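Visitor: Here is the input, now give the coordinates:
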Amino acid sequence: MELRFSPLFSGSSGNSIYAGCDGGHLLIDAGVSCARVVAELRRIGIEPGQLSGLLVTHEHIDHIRGVGVLSRRFDLPIYATEGTWVAMEEKLGGVATKNVRVIEPMQDFFLGGMSVMAFDIPHDAAQPVGYSLSLGAARLCVATDIGCVRDSWLNVASGADAVVLESNYDPDMLRAGPYPYALKQRILSRRGHLANDDAGRAAVSLVRDGTRQIVLGHLSKENNFPALAEKCCALALESAGVRLGEDASLCVAERDGLTGMFAVRAGF
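Guide: Residues are numbered from 1 along each chain as shown. Got it, this is the predicted structure:
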């Protein structure tokens, strides 16, 4: 069996990532409407009723907008930390008790034929997490909505074959842009979002430890450009001696639709 993933939406207006294998299918976040998630899943040949569960990273609306409707419509269990459940439960509009699943960070469990583990991340939410998914020797990490580069989450992601890594904003664009001062300070904080240069530093560390696929995600529409985020990360990797296309691959996830299907292969 092969571990696969597909960013369906990835940006400040909504996020959702499919991950699966022949044995099962998972959805990480559903930050756009149920209808839009269903449409993109069907583009990759997945019916929503086939999902083994929804993994939620945190309670912000760009990650949970469609979660409640998907769960009710397709009878899907929702997995989230206790803190996230407390913060998001009222926003979901009612979830069947049997579909409420509380998880603990750093405790792995099996779902859809894959080993799943949540890990703590620095973000201004109740109890936010990233996710590590493994199938045999192949491993995928989703590390977005991260305020800073920290050993705590970087050590978990270290050694993953593929990483969806946040590259949210360019600091100069953010400071010069139209956002209110308080929002700018929140994004710039160590519990906000990851800037392009910091994403580049994280990518260098990850590739040195064995990562061979980097997909940049959660780009701000107002404070970033896909080409800019990719160029910043590429320059960081190339300056560290990484040969893109040979040692590692790099691309940017689409904000408003399917990016494509990626196969996660141990050792590239």
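
Visitor: got any ranges where the chain has weak pLDDT?
Guide: In the predicted model of the chain, residues 267-268 satisfy pLDDT under 70.

Visitor: 90 instead, please
Guide: Along the chain, the model assigns pLDDT under 90 to residues 1, 12, 23, 265-268.

Visitor: now the strands for it?
Guide: For the chain, applying DSSP state E gives strands covering 3-11, 14-21, 24-28, 53-55, 78-81, 100-103, 109-111, 114-120, 129-135, 138-143, 162-166, 213-217, 249-252, 262-264.

Visitor: The second one vs strand 138-143, what angle?
Guide: Looking back up the chat, that one is strand 14-21. Inter-element angle recorded for strand 14-21 and strand 138-143: 170 degrees (by axes from the mean of the first three to the mean of the last three Cα atoms, to 10 degrees).

Visitor: do the same with the first one
Guide: For strand 3-11 against strand 138-143, the angle between stretch directions is 10 degrees (the same axes, to 10 degrees).

Visitor: Show me what strand 3-11 is packed against.
Guide: When contacts are defined as 3 or more Cβ pairs under 8 Å, 6 or more residues apart in numbering; DSSP states H and E, strand 3-11 sits against strand 14-21, helix 34-43, strand 129-135, strand 138-143, strand 162-166, strand 213-217, strand 262-264. Yep, even glycine has a C-beta here, placed from its N, CA and C like the rest.

Visitor: could the ones you listed be laid out in CSV, adding distance to residue 228 and mean neighbour count?
Guide: Compiled in CSV, the helices and strands packed on strand 3-11 are given as follows (distance: least, Cβ to Cβ, whole Å; neighbours: other Cβ atoms under 10 Å):
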stretch, distance to residue 228, mean neighbour count
strand 14-21, 20, 25
helix 34-43, 25, 18
strand 129-135, 24, 25
strand 138-143, 20, 26
strand 162-166, 14, 28
strand 213-217, 10, 27
strand 262-264, 22, 19
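
Visitor: how about CSV for those, with distance to residue 196 added?
Guide: Output for these, formatted as CSV (distance: least, Cβ to Cβ, whole Å):
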stretch, distance to residue 196
strand 14-21, 18
helix 34-43, 26
strand 129-135, 19
strand 138-143, 15
strand 162-166, 10
strand 213-217, 9
strand 262-264, 21
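
Visitor: Please identify which of those is closest to residue 113.
Guide: Residue 113 sits nearest to strand 14-21 of all the helices and strands packed on strand 3-11, at 5.5 Å, using Cβ to Cβ.

Visitor: Relative to residue 82, which of the helices and strands packed on strand 3-11 is closest?
Guide: strand 129-135 (11.1 Å).

Visitor: which strands and helices sit next to that closest one?
Guide: If you count contacts as 3+ Cβ pairs under 8 Å, 6+ apart, strand 129-135 packs onto strand 3-11, strand 114-120, strand 138-143, helix 151-157.

Visitor: and residue 195, which of the ones you listed is closest to it?
Guide: Per Cβ to Cβ, nearest to residue 195 of the helices and strands packed on strand 129-135: strand 138-143, 14.2 Å.

Visitor: what sits up against the closest one?
Guide: Outside strand 138-143, the residues that touch it by Cβ atoms under 8 Å, 6 or more residues apart in numbering are 2-3, 5, 17, 19, 28, 57, 121, 130-134, 153, 156-157, 159-166, 202, 264-266.

Visitor: Before I go, just wanted to say thanks for your time.
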